[in-house]
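Enquirer: Only the shape, not the letters, is given here:
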């Protein structure tokens, strides 16, 4: 897995992850439009928050599963791109364990579980402001060619 | 599975499914805000369309997976509630097989595969305007208490 | 997807798939030991049968989910290797919808849904002798280097 | 979640889990025939081992995915039945991240992530004798009627 840790110390790895996340967020109109915010970023790790808005509710007056998925999926993307190697989602599973409601502040915590070759497995847990579990998401990542931000490896 | 077909003929089942879908769509601000439209509805079946907007793009300039998931998830919801028995998603898997781009017109086709007791399995395929497969979604449904619309069974 | 159909006509593709399956089965002690039999093979398609034995039962006296998974997984392997390009499973989901019991004759039907680049999506449905659905399996495949059988492309 | 902890102290919960696991294992011909052994049991937790035998190899000479699944699935079953409330698998996902080979000693560690009402989410990680990750399994459980062993709650 050496190729995922090109730049020295844990501090450098975290600094690189933060610069990559910042660049991704700037380009990511979807995550911005949904009101997501970056809470914390590290190598193979990301935490994002999102408040449930009225326009995110479905006919049952609970948050449409797609927005919970989106939050988890964005956290997954930030975590699996944190080494500055362009990585995409190849598949995901989500288990919904409790509904989210209007004004709930959701947090998605993404953590790398395994990386081998081009593929990785990440777990993302979504909780609400009370710490109650809302959803468990698991993402399979696939690394393609390219870097998220140019020159970052050298700069780091 | 008789309980899922309370009201006579295939035509009545389809008419009930259409009334339920219409009521769900009216209440579902999320699906409306995302620009989803109902293409076709039947018993255990739903087809929805959505055009990929600029604010749905991620940093790779492809449609954020969360919106593709949302479209599939809404089609799933319309299909599994089509018998007018309130049903929620308990878990979903999605495999992304090709990216969607700005202005693509996506269609999600949801079809029931199995229903036994309170749980069901639905397959949803998302394609673009060229008929190319974008994603395969599988939803597990769980029926809870209540009807989506009142009096519909009698009216049907 | 042309690379998956290297050898001419549908008949040739089916003949190649059958030779590959035959070679795989000969080497596959696990599928043999579980009493699996090949029912039908084609390009991107496989059907396998397996009878539920007493030593496949769990503490609930129903077939241990692992054996149902194994049957589906073998059908998946035969289908995704049917082009004579070595392909492995990267991930799978299975939904169990009804129990299987001792002496049930299970059949798994695997069908390709999508192939793009090195990855593919296959659906496998497991039914019993009454045609009742037992499980829905979805497999994600990943093609690696090499051929299952040597010289087959030329021979075909 | 009080209903899942009917019997007092952590020690009593663990003792109950052990008695339930012992009874399940005795009845479970499948897990026995596959050479699985119980390593550790607790409330919502189970660890099982299994050595990869020659008759578990597929045509690639690696362990057939079905046996890896079986090991994880059994650990899942022992963990989700550990409260002596009969619980079955409703769906599972598995990601294979590295192959297992003949004579490898695999260990599956199952841990409860969430229980709400009748349904639960469990994560099972399978590693080999070197601690390398082989597979990540996620199980969705569904509690039905009945107890695994009679009189256990009182005895505890």
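Expert: That came through, no problem. The model shown is predicted, which means the values in this text are computed figures rather than measured ones.
Enquirer: low-scoring stretches of chain A, by residue?
Expert: Chain A contains residues with pLDDT under 70 at A:1-7, A:151-156.
Enquirer: which bits of it sit near chain D?
Expert: Within chain A, the positions near chain D by C-beta under 8 Å from any C-beta of the partner chain are A:93, A:95, A:97-98, A:113-114, A:116, A:119, A:121, A:123, A:125, A:133, A:136, A:138, A:140. Yep, even glycine has a C-beta here, placed from its N, CA and C like the rest.
Enquirer: Those also near chain C: which ones?
Expert: Okay, of the residues of chain A next to chain D touching chain C (C-beta under 8 Å from any C-beta), that's A:93, A:119, A:140.
Enquirer: could you point out the longest helix in chain A?
Expert: helix A:10-27 (DSSP state H).
Enquirer: Who are the packing partners of that helix?
Expert: strand A:37-42, helix A:65-80, helix A:152-155 (3 or more C-beta pairs under 8 Å, 6 or more residues apart in numbering or on different chains; DSSP states H and E).
Enquirer: Name every strand pairing with the next helix or strand along the chain from the first one and say which way it goes.
Expert: Think strand A:37-42. Next along the chain after strand A:37-42, taking DSSP states H and E as the criterion, comes strand A:45-51. The pairing partners recorded for strand A:45-51 under DSSP bridges are strand A:37-42 (antiparallel), strand A:105-116 (antiparallel).
Enquirer: what's the most buried one of these?
Expert: strand A:105-116 (a mean of 20; mean count of other C-beta atoms under 10 Å in any protein chain shown).
Enquirer: Distance from whatever helix or strand residue A:91 lives in to the middle of the chain?
Expert: Per DSSP H and E: residue A:91 is located in strand A:87-96. Offset of strand A:87-96 from its chain centre (C-alpha atoms, centre = their mean, to the nearest Å): 11 Å.
Enquirer: Would you mark the buried spots in that strand?
Expert: For strand A:87-96, a neighbour-count test (16 or more other C-beta atoms under 10 Å in any protein chain shown) marks A:87, A:88, A:89, A:90, A:91, A:92, A:93, A:94, A:95, A:96 as buried.
Enquirer: for residue A:23, what are its contacts?
Expert: A:148, A:149, B:59 (C-beta atoms under 8 Å, 6 or more residues apart in numbering or on different chains).
Enquirer: same deal with residue A:51?
Expert: For residue A:51, the contacting residues are A:35, A:103, A:104, A:105, A:106, by C-beta under 8 Å, 6+ apart.
Enquirer: repeat for residue A:72
Expert: Taking C-beta under 8 Å, 6+ apart, one finds A:92, A:94, A:108, A:110, A:124, A:126, A:135, A:137, A:139 in contact with residue A:72.
Enquirer: how many neighbours does residue A:146 have?
Expert: Applying other C-beta atoms under 10 Å in any protein chain shown, we find 11 residues neighbouring residue A:146.
Enquirer: That one is in contact with residue A:87, isn't it?
Expert: No - using C-beta atoms under 8 Å, residue A:146 makes no contact with residue A:87, being 9.8 Å away.
Enquirer: measure residue A:39 to residue A:106 for me?
Expert: Separation of residue A:39 from residue A:106 (C-beta to C-beta, to the nearest Å) stands at 11 Å.
Enquirer: Give the residues shared as contacts by the two.
Expert: Overlap of the contact sets of residue A:39 and residue A:106 (by C-beta under 8 Å, 6+ apart) consists of residue A:49.
Enquirer: Nearest residue to the middle of chain A?
Expert: residue A:75 (1.1 Å; C-alpha atoms, centre = their mean).
Enquirer: so that one sits right up against residue A:44, yeah?
Expert: No - using C-beta under 8 Å, residue A:75 makes no contact with residue A:44, being 11.7 Å away.
Enquirer: one step back: nearest to residue B:66 among the helices and strands packed on helix A:10-27 would be which one?
Expert: Residue B:66 lies closest, by C-beta to C-beta, to one member of the helices and strands packed on helix A:10-27: helix A:65-80, at 2.5 Å.
Enquirer: Buried by neighbour count: which residues of that closest one qualify?
Expert: A:65-80.
Enquirer: one step back: where's the residue nearest to the centre of chain A relative to residue A:93, distance?
Expert: 15 Å.
Enquirer: ditto for residue A:114
Expert: Following C-beta to C-beta, the distance that separates residue A:114 from residue A:93 is 15 Å.
Enquirer: returning to that earlier point: list just the nearest of the contacts of residue A:23 to residue C:26.
Expert: After measuring the contacts of residue A:23 against residue C:26 - C-beta to C-beta - the closest member comes out as residue A:148, at 46.9 Å.
Enquirer: Touching, the closest one and residue A:22? I think so.
Expert: No - using C-beta under 8 Å, residue A:148 is not in contact with residue A:22, being 10.3 Å away.
Enquirer: who's more crowded, these two?
Expert: With neighbours defined as other C-beta under 10 Å, residue A:148 and residue A:22 compare such that residue A:148 has more, 21 against 13.
Enquirer: Confirm that one sits in a helix?
Expert: No - counting by DSSP: H, G, I helix; E, B strand; the rest coil, residue A:148 falls outside a helix, being coil.
Enquirer: May I see the buried residues of stretch A:14-29?
Expert: A:14-21, A:23-25, A:28-29.
Enquirer: ok now that stretch, how far from the chain's centre?
Expert: 11 Å.
Enquirer: ok, now stretch A:48-58?
Expert: 17 Å.
Enquirer: Could you tell me how far residue A:9 is located from chain C?
Expert: According to C-beta to the nearest C-beta, to the nearest Å, residue A:9 and chain C sit 33 Å apart.
Enquirer: Can you report how many residues lie near that residue?
Expert: Neighbours around residue A:9, by other C-beta under 10 Å: 10.
Enquirer: got it, and residue A:54?
Expert: The number of residues near residue A:54, taken as other C-beta under 10 Å, comes to 11.
Enquirer: And for it, nearest residue in space, chain neighbours not counted?
Expert: Among residues not flanking residue A:54 along the chain, residue A:102 sits closest, at 5.8 Å (C-beta to C-beta, 6 or more residues apart in numbering or on different chains).
Enquirer: what's that neighbour in contact with, if anything?
Expert: Residue A:102 is in contact with A:52, A:53, A:54, A:56, A:57, A:61, A:63, counting by C-beta under 8 Å, 6+ apart.
Enquirer: contacting residues for the second one?
Expert: Residues counted as contacts of residue A:53 (C-beta under 8 Å, 6+ apart) are A:35, A:102.
Enquirer: Look up how far chain C lies from it.
Expert: Taking C-beta to the nearest C-beta, one finds residue A:53 at 31 Å from chain C.
Enquirer: what does the fifth one give?
Expert: Separation of residue A:57 from chain C (C-beta to the nearest C-beta): 28 Å.
Enquirer: Can you name the residues that contact the residue lying closest to that residue once chain neighbours are set aside?
Expert: The shortest distance from residue A:57 to any non-neighbouring residue, by C-beta to C-beta, 6+ apart, is to residue B:29 (5.6 Å). Contacts for residue B:29 (C-beta under 8 Å, 6+ apart) come out as A:54, A:55, A:56, A:57, A:58.
Enquirer: Would you mind listing which of those residues are buried?
Expert: Buried among the contacts of residue B:29 (16+ other C-beta under 10 Å): A:56, A:57, A:58.
Enquirer: now, which of these lie within strands?
Expert: Here DSSP state E is the test, and those give no hits in strands at all.
Enquirer: Closest one to residue A:10 out of these, please.
Expert: The closest of those, once distances to residue A:10 are taken by C-beta to C-beta, is residue A:56, at 36.4 Å.
Enquirer: Please identify which two of the residues of chain A next to chain D are farthest apart in space.
Expert: Top of the distance list for the residues of chain A next to chain D (C-beta to C-beta): A:98 and A:116, 32.9 Å.
Enquirer: quick one: strands adjacent to the helix or strand hosting residue A:123?
Expert: For residue A:123, the host element (DSSP H and E) is strand A:119-127. Partner strands and pairing direction for strand A:119-127 (DSSP bridges) are strand A:105-116 (antiparallel), strand A:133-143 (antiparallel).
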